[in-house]
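[1] Sequence isn't available, so here's the structure alone:
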């Protein structure tokens, strides 16, 4: 039969859907164009990570006419989480750049085009190939001629060509695909590492494991609960397969990038492989995918313009100029290229070192990771020396504890997560802010009647009409009248920062410690809306579902201990805020009520109020007026309609 004249490699191409006779196969016809000098390859922005669909172009590292190679960093892109260096997946000479610095670029958008993408490698590969044998020459005469040229740019090494020559098989595009796929297979295919959890979060305490050896795990399935400094988060799996070995246990402190568990087989994590199409898709990264696409549409008798809708015209972007000082802070100012590998520059950013200040010890001043470590160590030594200086006012060294074991049995428990962060933050607030607490009382007898009347409306909306919800609206109105309570102090710049927004945090008592969810734009919401949002955030805090972002950005804080008891307390100001309002338990007390008949004692519902404030910014008289305004607003709800 006619098929017996083809080699094994050629028969594999027939199995993939290519015709050995007649018209030149679309795949080979396209690859033959790559030998020409007018071949053009597009480089598109690749996937950057989970939930990252776009970024701002901070710096371009290429220019038209420059030579670019696979793996070379071509630009710096700023996403919501970090500034990333994007490596090239193509090789050749840059022909056209279709973006500019300051543009917002989406995944899949064309960044630049490359010409002569295969010419640079074709000649060396051809020179490195051994002379074909007679049997191989005969096979090559029968096979389409452009096929050997198409293999040159993607041939993994000289031994591959030697093996083909020895077996008498003509080189075809499908054979280099396996090495390419092996090189690009992620390490996470058979292991799961702790991913990035958020800005400034590098580790956490493992609270609960949701997997065990032998269990099946799928992508997106929660596999553990991790307690960070700000919240307890569920970490989803990014791999799929059967758990082989769990490398951690509950209670351990886990760092970002640490291996959590491994999978059996090591190939269950990525999407199911397609053996027939994988060689076509991975000829040379994006170029191979483009060639496969062109082959498909040509086989259907369509043009590329018919298969793809035209791109929507983008509005003209204003010229972007990075402020000089901002560029220095972000590490993106335009300076001369530094002799350091991309992973070294990334390591410098991770440890907080300006790589331009590091002196390289390698040839030509090239900087290595050891240079970064040495520079960071010198900075730490300098900081340690400065720490030995006399402490600043308000900051004191922790006294050494005695040996409690001398008097009896003791147990030491690690201070983790929320409790450790709360201790650090409150100690900093107490040592930084000169606290003063003002106490007052509010008669809320009439307010309680109104609260009971409108409580069903809040319940219908999904919330509770509590005193705290009403206090949110009262405090928002008071902060507009007394803006110094909605400010912060910048000691380094000798400035007062007055905030034009009102975000109020509400302290929540949870089994993990004190959490402070923040309700934003309180002044723009009614009491029912505030009651619903307060109920939702409090439930999320108790259920360990609240995120760090939902506990940031507050300008004032309310804490209510009325559900527990007490007649007053001294709350600690939540730095960098300047005031906090404490509510205690309301109770019926005899109050002297003036009247035309001379007055008498009546039972009234009294709410104790405690206001702690930063005496550096707020004077005692202002604090007394502020708290009295709040008390009168509780006593006369109509005041909110008049002044709020």
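    On my side now, so go ahead. Every value quoted in this text rests on a predicted model; they were computed, and no experiment measured them.

[2] The stretch 101-250 of the chain: helices as residue ranges?
    119-128, 134-142, 146-151, 158-167, 177-184 (DSSP state H, counting those that start in this stretch).

[3] Kindly provide the whole-number mean pLDDT of the shortest one.
    Read that as helix 146-151. What helix 146-151 shows for mean pLDDT is 40.

[4] going forward, begin numbering at 7 instead of 1
    Yes, from this point I'll number from 7; that puts the last item at helix 152-157.

[5] In this structure residue 537 contacts residue 466, no?
    No. Residue 537 is beyond contact range of residue 466, at 10.9 Å (criterion: Cβ atoms under 8 Å). In this view, the C-beta of every residue, glycine as well, is placed from N, C-alpha and C.

[6] Comparing the two, which residue is more hemmed in?
    residue 537 (27 against 10; other Cβ atoms under 10 Å).

[7] Identify each buried residue in the host helix or strand of that one, please.
    Here residue 537 sits within helix 533-548, counting by DSSP states H and E. Neighbour counts over helix 533-548 (16 or more other Cβ atoms under 10 Å) mark 533-541, 543-544, 546-547 as buried.

[8] which residue sits closest to residue 261 in space, ignoring its chain neighbours?
    Computed as Cβ to Cβ, 6 or more residues apart in numbering, the closest residue to residue 261 that is not its neighbour in sequence is residue 209, at 4.5 Å.

[9] right, I mislabeled it, should have said residue 118
    In space, residue 118 is closest to residue 103, 4.6 Å off (Cβ to Cβ, 6+ apart).

[10] right, and that neighbour touches residue 111 too?
    No. Applying Cβ under 8 Å as the test, residue 103 and residue 111 come out as separate, 11.9 Å apart.

[11] which residues are in contact with both of those two?
    Common neighbours of residue 103 and residue 111 are listed as residue 117 (criterion: Cβ atoms under 8 Å, 6 or more residues apart in numbering).

[12] For the residue nearest to residue 118, the count of nearby residues, please.
    Residue 103 is flanked by 18 other residues according to other Cβ under 10 Å.

[13] any idea how far residue 50 is from it?
    Distance, residue 103 to residue 50, using Cβ to Cβ, to the nearest Å: 13 Å.

[14] anything in contact with each of the two?
    Listed contacts common to residue 103 and residue 50 are residue 117; contacts here mean Cβ under 8 Å, 6+ apart.

[15] what's downstream of the helix holding residue 537, the next helix or strand?
    Using DSSP H and E, the helix or strand that follows helix 533-548 in sequence is strand 562-566.

[16] now the angle between helix 533-548 and that next one, please.
    Note on geometry: by axes from the mean of the first three to the mean of the last three Cα atoms, to 10 degrees, strand 562-566 and helix 533-548 are set 80 degrees apart in direction.

[17] what is the rounded mean pLDDT of strand 562-566?
    Strand 562-566 shows a mean pLDDT of 96.

[18] now do stretch 244-257
    Average pLDDT, stretch 244-257: 89.

[19] Ok, stretch 507-514 next?
    95.

[20] now swap in stretch 106-123 and tell me
    87.

[21] do the same with stretch 206-224
    Mean predicted confidence for stretch 206-224 is 86.

[22] how far does it stretch from start to finish?
    Taking Cα to Cα, to the nearest Å, the first and last residues of stretch 206-224 lie 28 Å apart.

[23] Ok, stretch 68-76 next?
    One end of stretch 68-76 sits 13 Å from the other (Cα to Cα).

[24] Could you list the buried residues of the strand ranked longest in the chain?
    Looking across the chain with DSSP state E, the single longest strand is strand 606-620. Within strand 606-620, the residues that count as buried by 16+ other Cβ under 10 Å are 610-620.

[25] Could you look up the next helix or strand downstream of it?
    That would be, after strand 606-620 and using DSSP H and E, helix 626-641.

[26] Show me the contact partners of that next one.
    By Cβ under 8 Å, 6+ apart, the list of residues contacting helix 626-641 reads 442, 444, 446-450, 452-453, 476-477, 480-481, 483-484, 487-488, 490-491, 585, 587, 613, 615, 617, 619, 624, 645-646, 650.

[27] Those in strands, which ones?
    Checking the contacts of helix 626-641 against DSSP E, those in strands are 442, 444, 446-449, 585, 587, 613, 615, 617, 619.

[28] Which single one of these is nearest to residue 351?
    residue 585 (43.7 Å; Cβ to Cβ).

[29] ok, how many other residues are close to the closest one?
    28.

[30] Distance-wise, check it relative to residue 115.
    For residue 585, the distance to residue 115 - Cβ to Cβ - is 48 Å.

[31] swap in residue 432?
    The value you get for residue 432 to residue 115, if Cβ to Cβ is used, is 47 Å.

[32] Hmm, the residue nearest to residue 261 is touching residue 263, no?
    No. Counting by Cβ under 8 Å, no contact exists between residue 209 and residue 263, whose distance comes to 9.9 Å.

[33] Please identify which of these two sits among more neighbours.
    The neighbour comparison of residue 209 against residue 263 (other Cβ under 10 Å) goes to residue 209, with 15 against 11.

[34] tell me the contacts of that one?
    234, 259-262.

[35] For the stretch 407-556 of the chain, which segments are assigned as helices?
    So, for the stretch 407-556 of the chain - with DSSP H, counting those that start in this stretch - the helices run 423-438, 451-467, 473-487, 533-548.

[36] Deepest-packed of these, please.
    Mean neighbours per residue, mean count of other Cβ atoms under 10 Å, is largest over these for helix 473-487, with a mean of 22.

[37] Please name every helix or strand in contact with that one.
    Packing contacts for helix 473-487, counted by 3 or more Cβ pairs under 8 Å, 6 or more residues apart in numbering; DSSP states H and E, involve helix 451-467, strand 510-512, helix 533-548, strand 562-566, strand 585-589, helix 626-641, helix 644-649.

[38] Report the angle between it and strand 441-449.
    Using the same axes, to 10 degrees, helix 473-487 lies at 120 degrees relative to strand 441-449.

[39] Now do helix 473-487 and helix 451-467, the angle between them.
    Counting by the same axes, to 10 degrees, helix 473-487 points 110 degrees away from the direction of helix 451-467.

[40] Quick check: mean pLDDT of helix 473-487?
    94.

[41] hmm, back to that, which strands and helices sit next to the helix holding residue 537?
    Under the contact criterion of 3+ Cβ pairs under 8 Å, 6+ apart, helix 533-548 touches helix 451-467, helix 473-487, strand 510-512, strand 514-516, strand 524-525.

[42] follow-up on the earlier one: relative to the longest strand of the chain, what are the paired strands and their orientations?
    When pairing is defined by DSSP bridges, strand 606-620 lines up against strand 441-449 (antiparallel), strand 585-589 (antiparallel), strand 593-599 (antiparallel).
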